[in-house]
Every structure is written in structure tokens, then in C-alpha cells.
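*Asks:* Build the 3D model from these lines:
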Amino acid sequence: MRTNIIKIGTMSSRQSIVDNTRKKKNNIHERMGASVIIDASHNSYNTSDENESYQNLPVPFASIFAQEIRNPLTNILLSVEILAPDLKSEEQKLYLDVISRNADKINHLIAEFLKYQISDESNAENISVRQLIDEIIELLQDRITSKNILVRKVYDKKDYRMKLNKSKMKIALANIIINAIESMTLDAGQLTLGVHSKNGKCLIQIEDNGCGINKVNLKNIFNPYYSNKAGGLGGLVSTYEILRKNHIKVNVESSLGKGTRFDLLFDEQI
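*Replies:* Sure thing, here's the model as predicted:
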């Protein structure tokens with residue numbers, strides 16, 4: 001096992017390192033100014049049957065929760081900046097870059113999560129649905145590559161544009177796609193993304209060939225306290241709220257051992 005050793009040196013050099021560390025930490029704080037993993041017989045769930053019991057997390061709790069994540073995240077980013085100049089191996093630099101980029105993504109998601117808790121619906125804009133999906137796939141490329149997942153895009157020729165809150169919709173769709181990625185096995189996963197027209201309305205389909213969801217769990221996937229992982233929190237509750245506020249109906253179908261498909265139907269005519 002190869003171990004990299006950073007020598008501390010004299011008292012003056014130690015003080016220099018401390019001062020430099022404080023400066024880097026302040027810079028990181030200035031820069032820094034969220035999923036149920038479905039683990040997964042054919043089952044179906046439709047949000048039209050759902051009541052209004054799924055509420056947003058209280059804002060004070062959300063702020064505390066976000067801060068508790070940001071504290072260790074700051075230390076991760078600080079450690080990356082300190083280690084970076086001393087790395088010689090290209091492979092090590094590659095891994096460090098992955099850590100840095102994903103830490104930045106986490107920080108961005110935290111910022112969007114807090115904005116979601118306190119903002120209203122006045123930020124809606126006319127956006128391309130297929131471009132939105134493409135941007136999310138690019139954001140999640142590391143996860144997709146690490147599991148060697150095949151991504152199929154089945155888009156209608158027409159580029160459908162909808163009035164949506166783009167940042168919130170990114171969170172909602174990313175949560176669903178992350179669940180799909182995590183449900184699939186290494187080197188055997190296939191993620192299919194579709195944008196179609198149905199009865200004059202825009203339909204997004206997100207389908208995986210993962211392990212599927214059983215009937216009991218399917219009814220709970222939008223529950224704020226549901227997770228099939230020990231100590232987990234329900235990450236799809238925010239997805240449900242975002243979709244509902246953007247007037248999008250959700251239908252989920254799943255077969256154990258075969259996979260899951262989310263159908264997202266916009267209320268607005270295209």
C-alpha cells in the first residue's frame with residue numbers, strides 16, 4: 001500500500017499551513033454562500049389517488065439539516081484543496097477531481113433545496129423538456145459511468161416547451177433518475193428516457209431495468225419517512241411536491257426483477 005506523507009516541518013512552516021488552511025476554508029465558505037434509493041408481480045401507483053398528507057419539511061428543520069450537511073462538506077472541500085498540489089499520480093488526481101466535482105454538486109443541491117423551501121412559484125420559465133433532461137443526465141454522468149449504464153433517449157421530433165420552475169424540476173427529475181440508477185446492477189443497466197405527446201399533453205417517461213418495487217413499498221415511495229435503507233429519509237417527498245406544484249400527474253408502474261417506469265404527464269396543453 002502506497003502512503004502519501006505530508007511533512008509539517010518547522011513551527012514557522014506549521015503556522016504558514018494553518019494560515020493557508022484558514023484562508024482556504026474562508027474561500028470555501030464563500031463558495032457555499034437532495035433521494036430514496038428504491039431497492040427494489042406488477043404494481044402500479046398513481047398520484048391522482050393521493051391525499052394531501054405529504055407536506056414540505058418545516059423550514060427551520062430544513063435549514064438545520066442543510067447546515068449539518070454543509071459542515072462536513074466544507075471539510076471535504078478543504079481537504080481536497082490541501083491535497084491537490086501534492087498529488088503526482090494522474091489516477092489520484094482523477095479521483096480527487098471526482099470528489100471535488102461531486103462535493104460541488106451536493107452543495108448546489110443543498111442551495112436549491114433551501115431555495116425550494118422558501119421560494120414561491122414566480123420563477124417559472126418556458127423551457128425545453130428534452131434540454132432539461134439532457135442537462136440532468138450530464139449532471140449525473142459520473143453515476144451513470146461508474147455503473148456502465150446504457151442510456152437510451154426516445155424523444156419525439158418536436159421539441160416540447162413547458163412553463164416550469166427549471167431548478168426545482170431538475171431536483172425532481174434527478175431524484176427519480178438517481179433511484180433508477182441505484183436500482184440497476186453493474187454493467188447490465190439500461191435507462192430509457194422518453195418525451196412524447198399524449199392526448200395533446202407532454203409526457204415524460206423514465207424507465208429502468210432494475211430490481212423493481214413491491215406493492216407495499218410502491219404505495220410509500222412519496223412518504224417523507226419512507227426509505228428502504230437503514231437510517232434513510234424519504235427523498236421522493238420533495239419530488240412529489242415539485243411535480244404537484246407544476247401540475248404534473250405521476251403514474252408509477254413496477255415489476256419485481258424487471259424494473260420500474262415513471263410516467264409524468266403535464267396538465268398544460270402543448
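*Asks:* Could you check the pLDDT of T21?
*Replies:* Note on T21: pLDDT of 52.
*Asks:* swap in V59?
*Replies:* Looking at V59, the pLDDT reads 49.
*Asks:* and stretch 197-216, which residues are buried?
*Replies:* Buried positions in stretch 197-216, judged by neighbour count with 16 or more other C-beta atoms under 10 Å: 201-213. Heads up, the C-betas are built off the backbone N, CA and C, glycines and all.
*Asks:* Taking those together, which two end up most distant?
*Replies:* Farthest apart among those by C-beta to C-beta are K201 and C211. That separation is 30.5 Å.
*Asks:* Next step: the buried residues of stretch 197-216 restricted to strands.
*Replies:* Of the buried residues of stretch 197-216, the ones assigned to strands by DSSP state E are K201, C202, L203, I204, Q205, I206, E207, D208.
*Asks:* got a markdown table for those, with pLDDT too?
*Replies:* Listed next are these as a markdown table, based on pLDDT from 0 to 100:
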| residue | pLDDT |
| --- | --- |
| K201 | 95 |
| C202 | 96 |
| L203 | 97 |
| I204 | 98 |
| Q205 | 98 |
| I206 | 98 |
| E207 | 98 |
| D208 | 97 |
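*Asks:* which one of these is nearest S183?
*Replies:* Of these, the one sitting nearest to S183 (C-beta to C-beta) turns out to be D208, at 5.7 Å.
*Asks:* Quick check: buried residues in the helix ranked longest in the chain?
*Replies:* In the chain, assigned by DSSP state H, the helix with the most residues is helix 90-118. For helix 90-118, the buried set under the neighbour-count rule, 16+ other C-beta under 10 Å, comprises L96, S100, A103, I106, N107, L109, I110, E112, F113, L114, Y116, Q117.
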